[in-house]
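1. Got a predicted structure here, sequence first:
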Amino acid sequence: MAEENLSAAARIDRALTRIDTAVAARTNAHHALARRHAALRARMGEAIEALDKLLADARG
């Protein structure tokens, strides 16, 4: 059905559906990015601890 043949209420409903879909996609992307950030932070923490240990061992 062409957009111009829809009632104003139907067009608003379709627009709200598109907005809801976009918000859900953005929320999912945000959560994925937050998980990746947490994993990177943990790996960097482990790397720094390993470097600290190497430096401490080198000092004897």
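-> Alright, I've got the coordinates.

2. Tell me which helix or strand the most centrally placed residue in the chain sits in.
-> For the chain, the residue nearest the mean C-alpha position is H30 (2.2 Å; CA atoms, centre = their mean). Counting by DSSP states H and E, the element that carries H30 is helix 8-59.

3. Now do the contacts for the residue nearest to the centre of the chain.
-> Under the criterion of CB atoms under 8 Å, 6 or more residues apart in numbering, H30 has no neighbours. (Glycine included, C-beta is placed from N, CA and C.)

4. Quick check: pLDDT value at it.
-> If you check H30, the pLDDT there is 98.

5. Roughly how far does it sit from H37?
-> Remark: distance between H30 and H37 (CB to CB, to the nearest Å) = 10 Å.

6. and what of A8?
-> Taken as CB to CB, the span from A8 to H37 is 43 Å.

7. now do L6
-> Taking CB to CB, one finds L6 at 42 Å from H37.

8. what about D57, neighbour count?
-> Applying other CB atoms under 10 Å, we find 8 residues neighbouring D57.

9. Next one, pLDDT for it please.
-> What the model reports for D57 is a pLDDT of 94.

10. repeat for A39
-> Model confidence at A39 (pLDDT) stands at 98.

11. What of N5?
-> 82.

12. picking up where we left off before, out of A8 and H37, which sits in the busier spot?
-> Under the neighbour definition other CB under 10 Å, A8 and H37 were set side by side, and H37 has more, 10 against 7.

13. For V23, see how far away the more buried one is.
-> Distance, H37 to V23, using CB to CB: 21 Å.

14. now A34
-> Going from A34 to V23 by CB to CB gives 16 Å.

15. ok, now A15?
-> 13 Å.

16. Likewise for H30?
-> Look at H30 and V23: by CB to CB, they are 10 Å apart.

17. same question, K53
-> 45 Å.

18. what's around K53, how many residues?
-> 10.

19. cool, L6 as well?
-> Residues near L6, counting by other CB under 10 Å: 13.

20. Please report how far the closest residue to it other than its chain neighbours lies from H31.
-> Ranked by CB to CB, 6 or more residues apart in numbering and with sequence neighbours excluded, the top spatial neighbour of L6 is R14, at 7.2 Å. Distance of R14 to H31, given as CB to CB: 26 Å.
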